[in-house]
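S.K.: My questions concern the predicted model and sequence given below.
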Protein chains: 2
Amino acid sequence: MEEDILYHFSLSTKTHNLPEMFGDTKFVCVGGSANRMRAFAQFMHHEMKLTGTPEDIRDICEGTDRYCMYKVGPVLSISHGMGVPSISIMLHELIKLLHHAQCRDVVLFRLGTSGGVGLAPGTVVITDKAVDYSFRPKFEQVVLGKVITRSTELDEGVAKELLQCSNELQNFPTVIGNTMCTHDFYEGQGRLDGALCSFSHEEKLEYLRKAYEAGVRNIEMESTVFASMCRVCGLKGVYL
Amino acid sequence: MEEDILYHFSLSTKTHNLPEMFGDTKFVCVGGSANRMRAFAQFMHHEMKLTGTPEDIRDICEGTDRYCMYKVGPVLSISHGMGVPSISIMLHELIKLLHHAQCRDVVLFRLGTSGGVGLAPGTVVITDKAVDYSFRPKFEQVVLGKVITRSTELDEGVAKELLQCSNELQNFPTVIGNTMCTHDFYEGQGRLDGALCSFSHEEKLEYLRKAYEAGVRNIEMESTVFASMCRVCGLKGVYL
């Protein structure tokens, strides 16, 4: 194609020199909230002792309010909003961006909040497999009206490496476990305080108990599509 | 419950006087982009000739970056992000907010961008039924691991009233038609320029032709859950 427009980043192969802007990227860190991904970029700026002040980092996607994006050294920090559809748009455009920029050996990290299952608050869960509401490690993608099933296993090597790092740090209790991905925050996750609720406290606990038995250690809203797109596109991905 | 926290609005029944803040709300207008919903609120401020300057309106959800919310007279303008999960969280908390604030006879409008099917660019589509990828007027909601099916028909009266308004304005070509809701922007909507694409231009056109025959006039990413939640909660909703 003559021009590739990354609509939701407000970037394009014609208007931006993507290899120059992004060619040295080695780590892409993504998370839901724009403010948090800005704070993370500033933290990385500080940790890497880069020149300039962390407060001056510029949102590369300032032409749109769909996502925000910051680059500090080899680290790209991007927000993805909430839910599978929102992160899926970002991932399509990110993967095209990395391709156009001729990046090599990139590792993709998702850093986000989640609800723990049977764990002490504050525990970090590194995802082994992302599973759906029935605890199956698969993601259903609709392609032209047909449902296609994709696998959701993540890179085992990077997960174990991260677990090792956390053991050395000591004050971050960390486990590797399955992550359940739901498409809503209330009914799908068994919350009793949504606008709609048709189940009892006991039924909720029964569902969470079954999830725990299936190896689920946390619940959130983006993991299955993240894992499946990493696999299909041959990207190393780790999910926290 | 003693306190109801609307987490993603950064509001709560204990820390905010919701009846005082929102009790006179009659119209809630929602759309994906935060900037656009701010601009819409400023536009309404100007149209209603309210006192004060439109530029000074304050984001009621400034304690969070998940959504933004502006109130101008009886109009509430809220962003919902992209995709069914993102708008579903907002709708749960909005419906609880309207309940706590004791609002009556509220009409909910969604104002958003969409891709037209067989229509001239710029045509406004008022949704008759929101349909899924197979053109069925239903929304599948997972509740504690079980799939529940909800209807997605919208209020016919308000839709016809709006069509009548547009006829009087003349320069806004408007139709009533079905709106197809997908869970991604690329593969699900038949786009050829995603990071993944497994179909031909001809197969794409064939799918869009079938959609048109099923009454689909536009494609977007939030309509089914909007329609089903309005129905289940007894809210008058209209989708543009």
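M.R.: All right, it came through fine.
S.K.: And the worst-scoring helix or strand of chain A on mean pLDDT, what does it pack against?
M.R.: For chain A, counting by mean pLDDT, DSSP states H and E, helix A:156-169 ranks last in confidence among helices and strands (a mean of 92). The helices and strands touching helix A:156-169, judged by 3 or more Cβ pairs under 8 Å, 6 or more residues apart in numbering or on different chains; DSSP states H and E, are strand A:124-131, strand A:174-181, strand A:236-239. Any C-beta I mention is one placed from the backbone N, CA and C, and that applies to glycine too.
S.K.: Neighbouring strands - and their directions - for the shortest one?
M.R.: Meaning strand A:236-239. Looking at strand A:236-239 with DSSP bridges, its partner strands are strand A:107-110 (parallel).
S.K.: Equivalent analysis for the second one, please.
M.R.: With DSSP bridges as the test, strand A:174-181 is paired with strand A:124-131 (parallel), strand A:216-220 (parallel).
S.K.: Contacts made by the shortest one with the rest, please.
M.R.: Read it as strand A:216-220. The contact list for strand A:216-220 (Cβ atoms under 8 Å, 6 or more residues apart in numbering or on different chains) reads A:112-119, A:125, A:131, A:135, A:175, A:177-182, A:189, A:211.
S.K.: circling back to that earlier point, name the surrounding residues that touch the least confident helix or strand of chain A.
M.R.: A:107, A:124, A:126-128, A:172-174, A:176, A:236-238, A:240.
S.K.: Now with 10 Å, please.
M.R.: A:107-109, A:124, A:126-128, A:155, A:172-176, A:236-240 (Cβ atoms under 10 Å, 6 or more residues apart in numbering or on different chains).
S.K.: in it, what counts as buried?
M.R.: A:158-159, A:162, A:166 (16 or more other Cβ atoms under 10 Å in any protein chain shown).
S.K.: now that helix, how far from the centre of its chain.
M.R.: With Cα atoms, centre = their mean, to the nearest Å as the basis, helix A:156-169 stands 18 Å off its chain's centre.
S.K.: same deal with stretch A:72-88?
M.R.: With Cα atoms, centre = their mean as the basis, the mean position of stretch A:72-88 lies at 7 Å from the chain mean.
S.K.: Which residues are in contact with the nearest residue to residue A:134 once chain neighbours are set aside?
M.R.: Leaving aside its sequence neighbours, residue A:134 sits nearest to residue B:145 (Cβ to Cβ, 6 or more residues apart in numbering or on different chains; 5.9 Å). Each residue near residue B:145 by Cβ under 10 Å, 6+ apart is listed here: A:132-135, A:180, A:182, A:188, A:190, A:206-207, A:210-211.
S.K.: Equivalent analysis for residue A:139, please.
M.R.: Counting by Cβ under 10 Å, 6+ apart, residue A:139 has contacts A:84, A:88, A:130-132, A:148-152, A:181, A:223-229, A:231-232.
S.K.: Apply 6 Å and report the result again.
M.R.: For residue A:139, the contacting residues are A:150, A:152, A:224-225, A:228, by Cβ atoms under 6 Å, 6 or more residues apart in numbering or on different chains.
S.K.: got it, and residue A:208?
M.R.: Contacts of residue A:208 by Cβ under 6 Å, 6+ apart are residue A:117.
S.K.: 8 Å - rerun?
M.R.: A:117-118, A:190.
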